[in-house]
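Engineer: Here's a sequence, model it:
(one chain, ligands or ions: 2)
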Amino acid sequence: MDQKTIEKLSEKILQLKNERKAVILAHFYQPPEVQDVADFIGDSLALSQRAANTDAEVIVFCGVHFMAESASILSPDKIVVLPDKNAGCPMADMIDVAQLRQKKQEIPEATVVCYVNTTASVKAECDIACTSANAVNVVASLPQEQPVLFVPDKNLGHYIISETGRDMVLWEGCCNIHDLLPIEDIRKAKEKHPEALLMVHPECRPEVVAEADKVASTAGMINFACESEADEFIVATEKGILHPLKKRCPDKHFYMASERLVCTDMKKITLDKVYQALLTLEPRVKVPMEIRERALGCLERMLEIV
Ligand code: 13P
Ligand code: SF4
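Structural biologist: Numbering: from 1, shown residues only. Ligands and ions are numbered 1, 2, ... in the order given. Now for the predicted structure:
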């Protein structure tokens, strides 16, 4: 789409958004032009906080399905629209309710902590959620002697263990975009940019995390880069983050650790689909009451700890 078409469509979106009394929330992995029409851009944690506190009548969620579900759980009276109903998170689909119930039977005494990248039905079976921004604090808040089952991201789980010294049982899930980032790509990027600091998302493998100057959520990386005295950064997370990084720190230089770091699900949301979503208020995401009631506590307990 050329720049002129983007501008025209963005104007129409902003007008329609006001008519609909809608708020547009977007994750940092969204395409740049989608981020640019959003009222609020954030990481998973900030987006849940925003979804819980908006007074808009409609939430257009530019992200993936579990994020829209969390918005529906936290703001059940709002209309929540996900511009492409097929924008999912493959990691969230690596665990389902039946599998989780079976695991819980094996360790019935465990507190179950779930990464926010899980379906609402899975959250309904868990004790407390976390995002990459608060995972360490959430686990550290649990009584020391309490056994913990952490689902579904084994890489984030390993990072929490390394930071807290807690022994946790980990589910065998992962984000295929972050998990498939090879250590060789990190070494090559460091050789090419020896002055650059390496920022790594904790969804990456432990050997990649071990090389990092900063391990952080997407929002944490942006804050770190803006506040740091360094001028150059290697970025080990999804490519969409380059847009807010360049916007907020225009004089600094950012290099992707690998060109493969692209989440095709996040990129399913386009400006056209955002416009259509505002026009039709479809596709909607509505978590059924019975699941919502059980999943709400899991998210609320997390939001209390932040
Ligand atoms: P954060 O926004 O919490 O950094 O998470 C990244 C992610 O993979 C969202 O799906
Ligand atoms: Fe899921 Fe990974 Fe895409 Fe995030 S980047 S939505 S964890 S597949």
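
Engineer: CA atoms for contacts and neighbours, from now on please.
Structural biologist: OK.

Engineer: Distance check, S48 against ligand 1.
Structural biologist: Going from S48 to ligand 1 by C-alpha to the nearest ligand atom, to the nearest Å gives 10 Å.

Engineer: Same question for K154.
Structural biologist: When distance is defined by C-alpha to the nearest ligand atom, K154 is 13 Å away from ligand 1.

Engineer: residues contacting that residue?
Structural biologist: Counting by C-alpha atoms under 8 Å, 6 or more residues apart in numbering, K154 makes contact with L170, W171, E172, G173, C174.

Engineer: Now do the same contact list for the first one.
Structural biologist: Under the criterion of C-alpha under 8 Å, 6+ apart, the neighbours of L170 are L149, F150, V151, P152, D153, K154, G157.

Engineer: closest to ligand 2 among the contacts of K154?
Structural biologist: If you rank the contacts of K154 by distance to ligand 2 using C-alpha to the nearest ligand atom, C174 comes first, at 7.5 Å.

Engineer: quick one: average confidence on the strand or helix carrying V112?
Structural biologist: Mapping V112 onto the secondary structure by DSSP states H and E places it in strand 111-115. Strand 111-115 shows an average pLDDT of 98 in the prediction.

Engineer: Tell me the helix or strand right after that strand.
Structural biologist: Next in sequence after strand 111-115, counting helices and strands by DSSP H and E, comes helix 120-123.

Engineer: Give me the helix or strand of the protein that scores worst on average pLDDT.
Structural biologist: Of all the helices and strands that make up the chain, helix 44-53 has the lowest average by mean pLDDT, DSSP states H and E, namely a mean of 92.

Engineer: How about stretch 211-220 and ligand 1, any contact?
Structural biologist: Yes. Remark: stretch 211-220 sits within contact range of ligand 1 at S217, T218, by C-alpha under 6 Å from any ligand atom.

Engineer: That stretch near ligand 2 anywhere?
Structural biologist: No. With C-alpha under 6 Å from any ligand atom as the measure, stretch 211-220 is seen stopping short of ligand 2, the closest distance being 10.4 Å.

Engineer: before we move on, back to that, may I see the buried residues of the strand holding V112?
Structural biologist: The neighbour-count check on strand 111-115 (16 or more other C-alpha atoms under 10 Å) flags T111, V112, V113, C114, Y115 as buried.

Engineer: For that strand, which strands pair with it and how are they oriented?
Structural biologist: For strand 111-115, the paired strands and their directions (DSSP bridges) are strand 128-130 (parallel), strand 148-151 (parallel).

Engineer: average model confidence for the first one?
Structural biologist: Strand 128-130 carries an average pLDDT of 97.

Engineer: Distance from the chain centre to that strand, please.
Structural biologist: Strand 128-130 has its average C-alpha position 13 Å from the chain's average C-alpha position, going by C-alpha atoms, centre = their mean, to the nearest Å.

Engineer: Residues of the chain that sit close to ligand 2?
Structural biologist: Counting by C-alpha under 6 Å from any ligand atom, the residues of the chain lying close to ligand 2 are C89, P90, M91, C175, I177, C263.

Engineer: List the contacts of the residue nearest to the fifth one when sequence neighbours are not counted.
Structural biologist: With C-alpha to C-alpha, 6 or more residues apart in numbering as the measure, L261 is the residue that lies nearest to I177, at 5.8 Å, once sequence neighbours are left out. Listed by C-alpha under 8 Å, 6+ apart, the contact partners of L261 are I177, H178, L181, A236, T237, E238, K239.

Engineer: what residue lies at the spatial centre of this structure?
Structural biologist: For the chain, the residue lying nearest the average C-alpha position, counting by C-alpha atoms, centre = their mean, turns out to be S44 (3.9 Å).

Engineer: And the strands in the stretch 201-306 of the chain?
Structural biologist: Taking DSSP state E, counting those that start in this stretch as the criterion, the stretch 201-306 of the chain carries its strands at 214-215, 232-236, 253-256.

Engineer: Could you dump those strands into TSV with mean neighbour count added?
Structural biologist: Below are the strands of the stretch 201-306 of the chain laid out as TSV (neighbours: other C-alpha atoms under 10 Å):
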stretch	mean neighbour count
strand 214-215	21
strand 232-236	24
strand 253-256	19
